[in-house]
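> Sequence and computational prediction follow.
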Amino acid sequence: MPTSPFNIRVAACGVVVGTCCAGVHGRQGSVVGFGQNTFGQTNVPPGEFVAVAALGATSAGIRADGTLAAWGLNDGGPWSQTLVPAGTYIAVDGGWEHFLAIRTDGTAVGWGYNSFGETEPPPGQFLQVAAGKEFSVGLRPDHTVVQWGNVQSSAVPTGPVLKIACGYYFSVALRADGTLYAWGDNLLGQLNVPLGTYVDIACGDLWAIALRADGQVVSWGASTPLGNLNTPGVVRIFAGRSFALGVRADGTLAGTSASFYPPGSFVTAAAGDGFGLAIMSPCYANCDGSTAVPRLSANDFQCYLNKFSVGESFANCDGSTNVPALTANDFQCFLNKFAAGCS
């Protein structure tokens, strides 16, 4: 099993975070949006976030203070995808036309389109919620699965489940023993899960992907080329309708589509329809942890090179080819591009 800062852990609030869900990962940072932006879905509002999620053309995130924000496509009316509920939250997920979120007390809420009650979670607490096409799935604190909305099958998995993911009328569960279970519609073989032991899962449109314990990414259902997603070091995976993202152990992004991913180091991500969101690794600019003035110096850049960017081309931020290739100018460029908001 690959070692990484994203290994499963249980927070004091009782919510599974890290590999298990799009919840609070304990590190806040600025969000970078990339890809299609027809409706402003990558125009991230200012501030730092601890979790992000995406629909077809709408984005949502949990701010550092626990409140929700949403931006991008807004169909308006009572089913508005950007009309976020008040309160404080610890996890958020997006499906086709609706979002789900878990409050700090463990209860769940939903907003957006609600044709079949998909935004109306049952009472009780949740570890994770997942939004699909016209239906939703939730993971209870006892690691059992419940579902609501326009569900296609009642054959939910038995046994302890660690993570759930939803696609186009189908769902996939990652069991505690590392095996996979899928239920719902099987139009293109999306229920034909591969054998093996896995550590993460994600669902796209009519396809799904999973990260094996040996670090390999596999897919099934509708044909989806893996691109550079199946490269060494991927420790978390995320899927949108037609493409998927991965975060490597060094924080860089990989994906199934053309290389439109931003450089830098990230802690988590989300995929929508042709666009993505990623939360930057927070405040590693002050790499040496100094408190003297100035906090940020050339020593921080050298520290950053040693710890985070061995072999990474974005270290040479200004693209210079002179000798030396890495200078104080690269550090200033690095601060401007990758360390906004860090002190």
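Yep, it's here.

> first to last residue in stretch 245-257, what's the distance?
9 Å (C-alpha to C-alpha, to the nearest Å).

> Just grab the bridge partners of the nearest residue to Gly233 once chain neighbours are set aside for me.
Leaving aside its chain neighbours, Gly233 sits nearest to Arg248 (4.0 Å; criterion: C-beta to C-beta, 6 or more residues apart in numbering). For glycine as for every other residue, the C-beta is placed from the backbone atoms N, C-alpha and C. For Arg248, the beta-bridge partners are Val234 (DSSP bridges).

> Just to check, Arg248 is in contact with Leu229?
No - here Arg248 does not reach Leu229: they are 10.1 Å apart, not a contact under C-beta atoms under 8 Å.

> Of the two, which one has the most company?
Leu229 (23 against 18; other C-beta atoms under 10 Å).

> Pop out the phi and psi values for the more buried one.
Main-chain torsions, Leu229, degrees, to the nearest 10: phi -60, psi -30.

> Which neighbours do Arg248 and Leu229 have in common?
Ala254 (C-beta atoms under 8 Å, 6 or more residues apart in numbering).

> what separates stretch 210-225 from the chain centre, distance-wise?
Chain-centre distance of stretch 210-225: 17 Å, with C-alpha atoms, centre = their mean, to the nearest Å.

> cool, and stretch 144-158?
23 Å.

> So what touches that stretch?
In contact with stretch 144-158 (C-beta under 8 Å, 6+ apart) are residues 115-118, 120-122, 132-140, 160-161, 164, 169-171, 173, 175, 181, 183-185.

> what residue ranges in the chain score low on pLDDT?
Applying pLDDT under 70 to the chain flags residues 1-27, 259, 282-296, 304-317, 326, 334-343.

> Please settle this for me: is Leu100 part of a strand?
Yes - counting by DSSP: H, G, I helix; E, B strand; the rest coil, Leu100 falls inside a strand.

> Could you measure from Gly35 over to Ala54?
Between Gly35 and Ala54 the computed distance is 10 Å (C-beta to C-beta, to the nearest Å).

> Settle it for me: which of these two has more neighbours?
Ala54 (31 against 22).
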